[in-house]
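Visitor: Predicted structure and sequence below. I'll ask about it afterward.
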Amino acid sequence: MSPVLVDIANLSIAFPTQQGLSLAVREVSLTLGVEKLGIVGESGSGKSLTARSILRLLPSNALVTADRMEFAGIDVLRAREAELRAIRGRRAGLILQDPKYALNPVMTAGEQISEAWRAHRKGTRRQARAAALDLLAQVQIRDPERVARSYPHELSGGMGQRVMIAMMLAPDPELLIADEPTSALDATVQAEILRLLEALVSRRGMGLILISHDLPLVAHFCDRVVVMYAGRIVEELGAADLSHARHPYTRGLIDCLPTLTHPKSRLPVMVRDPAWLA
Amino acid sequence: MIEVEGLHVRFDDVHAVNNVSFAVPRGSGFGIVGESGSGKSTVLRAFSGLNPDWTGTMRLDGAKLGRQREKQFFRRVQMVFQDPYGSLHPRQTVDRALSEPLLVHGIGDVEARILRALAEVALPPSVRFRYPHQLSGGQRQRVAIARALMAEPEVLLLDEPTSALDVSVQAEVLNLLADLQQRRGLTYLMVSHNLAVVAHLCPMIGVMLGGEMVEQLSADDLRHNRIAHAHTAALRALSTELEEP
Amino acid sequence: MSAALPGPATLSWRDWLLTDTPASRAQAAWGRRYRLWRDFRANTLATGGLVVAVVLIALTLAAPWLATHDPGVQELANRLQPPSMAHWLGTDELGRDVFSRLLYGGRVTLGMVVAVVLMVAPLGLAIGCVAGYAGGALDRVLMRVTDVFLAFPRLILALAFVAAIKPGVTSAIFAIALTAWPPYARLARAETLTIRGTDFIAATRLTGASATRIVFCHVAPLCLPSLVVRVTLDMSSIILTAASLGFLGMGAQPPSPEWGAMIATARRFILDQWWVPTIPGIAIFVASLSFNLLGDGLRDVLDPKQR
């Protein structure tokens, strides 16, 4: 049995609004070992909030309650800011949707990766630079020297996302959270990036949480899939068992996709049963 | 209805669209697929008149289109944008957005037309006086479609109309577009990166790569893998790979 | 369709205004105005600013009835008196009643500010939006003209302008307006450049709307909130420019009272008779502050996304 990286029990996240508290995440329980977990849901289902709460990267007005909220044995809810900083970036990395906004526009890719490396390990500038080039090679960039000298705006979307991944890998983390890492990318690039992530995670023995709205995609690359609806986990299943999904919401997500192989003249429309919220 | 012959678009030193030709019969649909940077949206923008830097021939219903579009053109051709968050004016209510085309073209009977348009895209009348930020993504895209239909066009240009939406909402919007086409005999010119979405709505498909249209094939040919060009095959493989659980 | 009137028993006017499903455009418009007002009122500071501004303007408008003395009458025997029952806020260096001069001076000062703002804001907005939307040669010409005006020190340009015509309140207003519009044009242009490329403007172009219609009905309203804030922040500097012009004999002509000029002429007494220059100073401060708070509140309310 692999070590438990993330252990969440009964997590709820609420936001104060004019009409009182609005619950964005309701009683979510989740454990993660060294595996690839996909969290799927529509916008507003609470999938990003759930994953980010592990690093306590939530909007400042969020009210978080949980029976248990641990990262590698550390109680995240009670941890001090200094302890959290030791987790964020060092032991757990976060990859965001659009590298255009996540990278610093006035630093070269190489500098940013070196800086990430030096922030968590002792080493000289020269070592950091060598490490950066090595990391760029690891994310399968063919010409690491050239990319290291480039500024983010000179990189394509896929290249930027590789740089982002290299940066997150620099401190050798135990967990990687990828929040819609490919939805800004083309289908061919998307597949490459996900294969790369999959390979890196397997080789380094890391945990991966892949957040996406694309159920088939997540099922293809993860071991296990958690489906969220309106802040709750409605179904949890092995990626191979997707065709045996039982919850009508999961079924609806699969059925309402237009496909090439099984064309339908009319797409089935999901009828949302209020009972799903109960 | 739509004929494009030898279309070229150049930005400074980039040849964004290179010798693209295709035709769309009235009441039918043509889908352009390709990756970002393939020039597919540029074709759409050139036809809509948003981008004047093109050469070649484009015809609407047999009549040649000039660099500057007449007002009448915008009664016949309308466009739905990719991002329903960005394509609605943030400070105008739905009512204002829908009445704008009527005011511009001097069409009367505003009150009844707005109510009818909302009903046609299956929006409740209560959204009429809301602002875009008070609506969900799917509702906004319905408003954008309703706005495009206000002046009763014959051609609808669809620029990735569902890619910013959740899949369940995407299904609803695709159904709506299919219904509208049937009811009004609309001609669609659609751009998307999603083969399945394009094939669902358009019987003919053009594949673009690096500014050129490398293949034109029917949706049926695409489904049954009767494909000539390697890029089309690659795109199809990526799409079907995920469909098989 | 006519607006349904609220039924007396079942529906209060507030429910009618706040309904989620207005029956007509008129009802929706009134509902929107009511909500704006309600949001504005929820902002205590902004409401305070509005109240103070309204009170100040009302006081100056009612000056003939409220003033205890004639603001021009000199009483040299009673010069530089501290506040007393006879002269509520004391007297100035010529023995004139400061309270009465303050009331009448407010008419000149606030009148100048309002006049300048009413001229400058629409002009700057129009120039900036047109330049930003049109781009190309028109943009370059308009912006170079703006740069030329920006390059001159404000006061010197105003002075030259007033000197070229004839000193007085009217020419001071025009002179200040002439020097105050360029920043607004710059601001409006910068906003327009970001708005111009958005999809919703492209969508409006595709309805067939003319460029004029797009600029004035679709672009300009979006530039307004930042402009309003800038205007309210500038009000105090407009008052001070007016004062400087007055001090140099190019603005309000003595003996007509004006807040800036009152400070300027009384500043010699700041150490011994401090209240003489301080009182009009407080008036300027209160007026500027109230306009600033009002502007901040307006900006928050005008942006529907913040609600």
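Guide: Sure, I can see it.

Visitor: which ones are touching C:Pro257?
Guide: C:Pro257 sits next to C:Pro71, C:Arg101, C:Leu102, C:Tyr104, C:Gly105, C:Val108 when contact means C-beta atoms under 8 Å, 6 or more residues apart in numbering or on different chains. Placement of C-beta: from N, CA and C, glycine included.

Visitor: Who are the packing partners of the helix or strand containing C:Leu298?
Guide: Element membership for C:Leu298 (DSSP states H and E) is helix C:275-302. Here helix C:275-302 touches helix C:25-42, helix C:44-61, helix C:98-134, helix C:220-247, helix C:259-266, going by 3 or more C-beta pairs under 8 Å, 6 or more residues apart in numbering or on different chains; DSSP states H and E.

Visitor: Now do it and helix C:25-42, the angle between them.
Guide: Orientation check (axes from the mean of the first three to the mean of the last three C-alpha atoms, to 10 degrees): helix C:275-302 against helix C:25-42 gives 130 degrees.

Visitor: in helix C:275-302, what counts as buried?
Guide: By 16 or more other C-beta atoms under 10 Å in any protein chain shown, the buried positions in helix C:275-302 come out as C:275-281, C:283-284, C:287-302.

Visitor: Same check on stretch C:122-135?
Guide: For stretch C:122-135, burial by neighbour count (16+ other C-beta under 10 Å) applies to C:Leu123, C:Gly124, C:Leu125, C:Ala126, C:Ile127, C:Gly128, C:Cys129, C:Val130, C:Ala131, C:Gly132, C:Tyr133, C:Ala134.

Visitor: what helix or strand is the residue nearest to the second one when sequence neighbours are not counted on?
Guide: Just to be clear, that refers to C:Gly124. Nearest non-adjacent residue to C:Gly124, counting by C-beta to C-beta, 6 or more residues apart in numbering or on different chains: C:Tyr184, 2.5 Å away. When elements are defined using DSSP H and E, C:Tyr184 is found to belong to helix C:169-196.

Visitor: swap in B:Pro52?
Guide: Per DSSP H and E: B:Pro52 is located in neither a helix nor a strand.

Visitor: Residue 148: which element?
Guide: Picking chain A for this. Counting by DSSP H and E, A:Ala148 is part of helix A:144-149.

Visitor: think we crossed wires, I meant chain B
Guide: helix B:137-149.

Visitor: is the lowest-mean-pLDDT helix or strand in chain C up against chain A anywhere?
Guide: Within chain C, confidence by mean pLDDT, DSSP states H and E is lowest for helix C:13-18 among all helices and strands, at a mean of 80. No - shown here: helix C:13-18 not in contact with chain A (C-beta under 8 Å from any C-beta of the partner chain), separated by at least 13.2 Å.

Visitor: quick one on the thing from earlier: list the helices and strands the helix holding A:Ala148 packs on?
Guide: helix A:109-120, helix A:125-138.

Visitor: Can you give the distance of stretch A:105-125 from its chain's centre?
Guide: Here the centre of stretch A:105-125 is set off from its chain's centre by 22 Å, with C-alpha atoms, centre = their mean, to the nearest Å.

Visitor: now what about that stretch, what contacts it?
Guide: Contacts to stretch A:105-125, defined as C-beta under 8 Å, 6+ apart, come from residues A:89-90, A:103-104, A:128-129, A:131-133, A:135-136, A:147-153, A:155, A:163, A:166-168, A:170-171.

Visitor: And for stretch A:63-75?
Guide: A:3-16, A:21, A:53-56, A:58, A:76-77, A:83, A:87, A:91-92, A:174-175.

Visitor: try stretch B:136-144
Guide: Contact with stretch B:136-144 is made by A:43, B:80-81, B:84-85, B:87-88, B:94, B:97-98, B:121-123, B:127, B:132, B:135, B:161-162, B:164-166, B:169, B:172-173, B:176, C:203, as judged by C-beta under 8 Å, 6+ apart.

Visitor: before we move on, back to that, go ahead and measure how far the helix holding B:Ala148 is from the middle of the chain.
Guide: Centroid separation between helix B:137-149 and its chain, computed with C-alpha atoms, centre = their mean, is 12 Å.

Visitor: Same question for stretch A:17-24.
Guide: Centroid separation for stretch A:17-24 versus its chain: 26 Å, with C-alpha atoms, centre = their mean.

Visitor: what helix or strand is the closest residue to chain B within the stretch 201-307 of chain C on?
Guide: As assessed by C-beta to the nearest C-beta, chain B sits closest to C:Gly208 within the stretch 201-307 of chain C, at 3.4 Å. Using DSSP H and E, C:Gly208 is not contained in any helix or strand.

Visitor: okay, the buried residues of stretch C:122-135 in TSV with pLDDT and distance to A:Arg203 next?
Guide: Shown next, in TSV, are those (pLDDT from 0 to 100; distance: C-beta to C-beta, whole Å):
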residue	pLDDT	distance to A:Arg203
C:Leu123	94	65
C:Gly124	93	61
C:Leu125	94	59
C:Ala126	94	62
C:Ile127	94	61
C:Gly128	94	56
C:Cys129	95	56
C:Val130	94	59
C:Ala131	94	57
C:Gly132	93	52
C:Tyr133	93	54
C:Ala134	91	57
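
Visitor: In ChimeraX, how would I select just the buried ones from the contacts of stretch B:136-144?
Guide: Provided next is the ChimeraX selection string for whichever of these are buried by 16+ other C-beta under 10 Å:
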select /B:80,81,84,85,87,88,94,97,98,121,123,127,132,135,161,162,164,165,166,169,172,173,176 /C:203
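
Visitor: so who does the residue nearest the centre of chain B touch?
Guide: Nearest to the mean C-alpha position of chain B, counting by C-alpha atoms, centre = their mean, stands B:Leu158 at 0.9 Å. Residues counted as contacts of B:Leu158 (C-beta under 8 Å, 6+ apart) are B:Met79, B:Val80, B:Leu177, B:Tyr188, B:Leu189, B:Met190, B:Val191, B:Ser192, B:Leu201.

Visitor: any chance you could map the helices in chain B?
Guide: Along chain B, counting by DSSP state H, helices occupy B:40-48, B:71-76, B:94-105, B:110-120, B:137-149, B:167-184, B:195-201, B:219-223, B:230-243.

Visitor: mean pLDDT lowest for which of those?
Guide: When the helices of chain B are compared by mean pLDDT, helix B:230-243 comes last with a mean of 86.

Visitor: Stretch A:120-137: which residues count as buried?
Guide: Within stretch A:120-137, the residues that count as buried by 16+ other C-beta under 10 Å are A:Ala128, A:Arg129, A:Ala131, A:Ala132, A:Leu133, A:Leu135, A:Leu136.

Visitor: All the helices of the stretch 101-250 of chain A, residue numbers only.
Guide: Using DSSP state H, counting those that start in this stretch, the helices of the stretch 101-250 of chain A run over residues A:109-120, A:125-138, A:144-149, A:157-169, A:187-204, A:215-221, A:248-255.
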